[in-house]
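In: Below is the sequence, then the predicted model.
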Amino acid sequence: MRANDPRLRDRILAKYGGRERKRVEVGLKRLTTLLAEVTREYNHT
C-alpha cells in the first residue's frame, strides 16, 4: 500500500473532507513508514 494510493486517499478524503488532505497524506506517510520499520525489524531477527 502506497501513501498516495488514489483509491485509499479518495476514500479517506470522502470521510474527512478536502481541507484535511495534507493531514491525511502526512498520517498515511507516518503509518507506512512505521510499517516499513516494523517489517525491517521483523525480517532482521
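Out: On my side now, so go ahead. Residues are numbered from 1 along each chain as shown.
In: Tell me how many other residues surround residue 28.
Out: Using other C-beta atoms under 10 Å, the number of residues around residue 28 comes to 18. Quick note: C-beta positions are derived from backbone N, CA and C, even for glycine.
In: Go ahead and confirm it touches residue 13.
Out: No. With contact defined as C-beta atoms under 8 Å, residue 28 and residue 13 do not form a contacting pair (11.0 Å).
In: ok, and the closest non-adjacent residue to residue 12?
Out: Nearest non-adjacent residue to residue 12, counting by C-beta to C-beta, 6 or more residues apart in numbering: residue 24, 5.0 Å away.
In: ugh, wrong one, residue 9
Out: In space, residue 9 is closest to residue 24, 6.9 Å off (C-beta to C-beta, 6+ apart).
In: Also residue 4?
Out: In space, not counting the residues next to it along the chain, residue 4 is nearest to residue 25; the distance is 7.1 Å by C-beta to C-beta, 6+ apart.
In: what about the one you found, how many neighbours?
Out: For residue 25, the count of nearby residues is 15 (other C-beta under 10 Å).
In: ditto for residue 24
Out: Look at residue 24: counted by other C-beta under 10 Å, it has 18 neighbours.
In: surely it meets residue 14?
Out: No. Because the distance of 10.7 Å does not satisfy C-beta under 8 Å, residue 24 is recorded as not touching residue 14.
In: Let me know the pLDDT of residue 24.
Out: For residue 24, the pLDDT comes out at 80.
In: What strand or helix carries it?
Out: Element membership of residue 24 [criterion: DSSP states H and E] is helix 21-44.
In: What is that helix packed up against?
Out: Counting contacts by 3 or more C-beta pairs under 8 Å, 6 or more residues apart in numbering; DSSP states H and E, the secondary-structure elements packed against helix 21-44 are helix 6-16.
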